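In: give me the fold of what follows.
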Amino acid sequence: MSFAEGTADGTHRRILNSISTGVSVTIFVSILGAISVRSITTHLGAAAFGIFVLVQAFVSLVWNFTDLGLSQVLQRDIARDDKDERGLLSYAMGLRVTLGLIVVPVAAAVGLLVYSQRSEALKIGLVLLLCSVPFSVAQEVAAAHYTARLRNVNLAVAAVMQQVIFVGLVILAVELKMSITYCVGAALIGSIVAATYTVVSARREIAFSPAFNKAVWYSMLRTSSPIGLAYIIGSLYLKADTVILSFLSTVKQIGYYGVSYAIVSVFLVLPVILTRTFIPVLVKATNESMDDAVNSSLAFFAIGGTLSATGILVCGPTIVRLISGPHFGPAVFPLRVLGLGLIFIFMTNGLSSVCLARGFTSKLFVMSVISLVLNIALNIAAIPKLGIDGAADATLICEVLSVAFMTYLVVTYVRVRPRVLGVLWRPLLAGAVPSAVLAPIYLRDNLSITIGIVLIPVVGIVYLGTLAALRGIPPEMSSVLRSFRRASN
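Out: Numbering: from 1, shown residues only. Reported below is the predicted structural model:
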């Protein structure tokens, strides 16, 4: 039975429920995040926000050293249904918490040394947010219980809870005229609460607890390390521009770039949601249905990337003004360039999901290293002359090349021929239509925020209408809609 056939309505419905839950929560959390960004930028300024961005970038890099691919392998193994889930969760929790407790002090020492000439607020913020790593690690392990089964509701509750606490404390801090350090502390508190909720919820369904066994740990690391190294390199790749800016530019410029990246990072959650959704499907696909499964999943990644890029192109300036005020104009150009790169980031994530699900992970590391070296070289060359605009340009070039690398990897080693252009052309055309039709409006220098906000739903409607006219709606979505119609008749 192929991935797209009507008898798979139940699977299709779970896929769409998982995606819709993730997207809905992302939108809500993003709105709250926009409130926090505006509070920081308007009350504390671009330099303070630059400190916050740099701290977050550093800690996100550290987090990957506590992961080492274990979260991806854990989700894959649980999805196979032939493993002891309690044992998997227990050993993963023990190993990852141990790694977190080892990595955090080392990272704190490195951060304080590297940024010894920076402000005290930056150094204190680094140490504070690093304390959140063991909690986020525990949350990630517990989350695998839900993601492997396409059950995102509990994770959605945790995400909303974390963001509400963070935003509430940030607003309180800026109203009391406190420094950016207190905003970093707000992120720590939100992380602790969300992790506690997720772990407790998961343990009510399956009683796991940290387990310590060196032999089992070594076995897990042998399997996950190639993936983990690839993800570490990938994380360095995503944060390379911000880290290089921290040495070649000012925290104010990082603040401008941070606004651009904060907006783009909202959309970066979506390929993660799609990856978590489709890995169980790709794991269980037979050799005969593998081509259909791969290309059906890539269709969702193509739609997500092109719709995100179109939204940023048309509505980017309005969003910048809305969340950071009128003085952050320098953030608009890099935002649009980074937004265009979302098309390729989505496709790269879709292709890497295929390698992960089918166990072909060793070459991911090589591909990641090539992309990282190229990204660093281009950023170092571009930033001194072009500043944050050059950083965005360098990142876009690397993202285009990454899709080519990943396509080669899937074709050569997984022995599947992904129809990358075949799944992309309709979504690309659907994005080009609103971009062209609405250009006389969104390219005006004096565009009001009200009109800019109205354009947001208009972009979505025109995009989806065009995609439907081109028959680009995935059959999985059509199948579920038909089943809903039958149920209502």
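
In: for Val320, identify the helix or strand it belongs to.
Out: Here Val320 sits within helix 290-324, counting by DSSP states H and E.

In: cool, and Ala159?
Out: Taking DSSP H and E as the criterion, Ala159 maps to helix 153-175.

In: I'd like the average pLDDT over that helix.
Out: Helix 153-175 shows a mean pLDDT of 86.

In: same check on stretch 269-288?
Out: In this model, stretch 269-288 carries a mean pLDDT of 75.

In: so where's the stretch 51-200 of the chain uncertain?
Out: Per-residue confidence for the stretch 51-200 of the chain (pLDDT under 70) gives these ranges: 72, 75-76, 79-83, 147-152.

In: Ser209 contacts Ser90, correct?
Out: Yes. Between Ser209 and Ser90 there is a contact under CB atoms under 8 Å: 5.9 Å. For the C-beta atoms, the positions are set from N, CA and C on the backbone; glycine is no exception.

In: the next helix or strand after the helix holding Val320 relative to helix 290-324, how many degrees between them?
Out: The first helix or strand that comes after helix 290-324 along the chain, using DSSP H and E, is helix 332-358. Here helix 332-358 runs at an angle of 150 degrees relative to helix 290-324 (axes from the mean of the first three to the mean of the last three CA atoms, to 10 degrees).

In: tell me which helix or strand comes right after helix 332-358.
Out: Assigned by DSSP H and E, the successor of helix 332-358 is helix 362-409.

In: which strands and helices sit next to the helix or strand following that next one?
Out: The C-terminal neighbour of helix 362-409 among helices and strands, as given by DSSP H and E, is helix 420-437. Packing partners of helix 420-437 (3 or more CB pairs under 8 Å, 6 or more residues apart in numbering; DSSP states H and E): helix 290-324, helix 332-358, helix 449-469.

In: still on that earlier bit, what comes into contact with the helix holding Ala159?
Out: Contacts to helix 153-175, defined as CB atoms under 8 Å, 6 or more residues apart in numbering, come from residues 21-22, 24-25, 28-29, 32-33, 35-36, 39-40, 43-44, 139, 143, 146-147, 182-183, 185-187, 189-191, 193-195, 197-198, 201-202.

In: and Arg439, how many residues sit next to it?
Out: If you look again at residue 439, you'll see it is Ala, not Arg. For Ala439, the count of nearby residues is 12 (other CB atoms under 10 Å).

In: give me the low-pLDDT residue ranges for the stretch 351-489 of the chain?
Out: Residues of the stretch 351-489 of the chain meeting the criterion pLDDT under 70: 359-365, 476-489.

In: just the buried ones from the contacts of helix 153-175?
Out: 21-22, 25, 29, 32-33, 35-36, 39-40, 43-44, 139, 143, 146-147, 182-183, 185-187, 190-191, 193-195, 197-198, 201-202 (16 or more other CB atoms under 10 Å).

In: I'd say Ala187 and Ser132 touch.
Out: Yes. The criterion here is CB under 8 Å, and Ala187 meets it with Ser132 at 6.8 Å.
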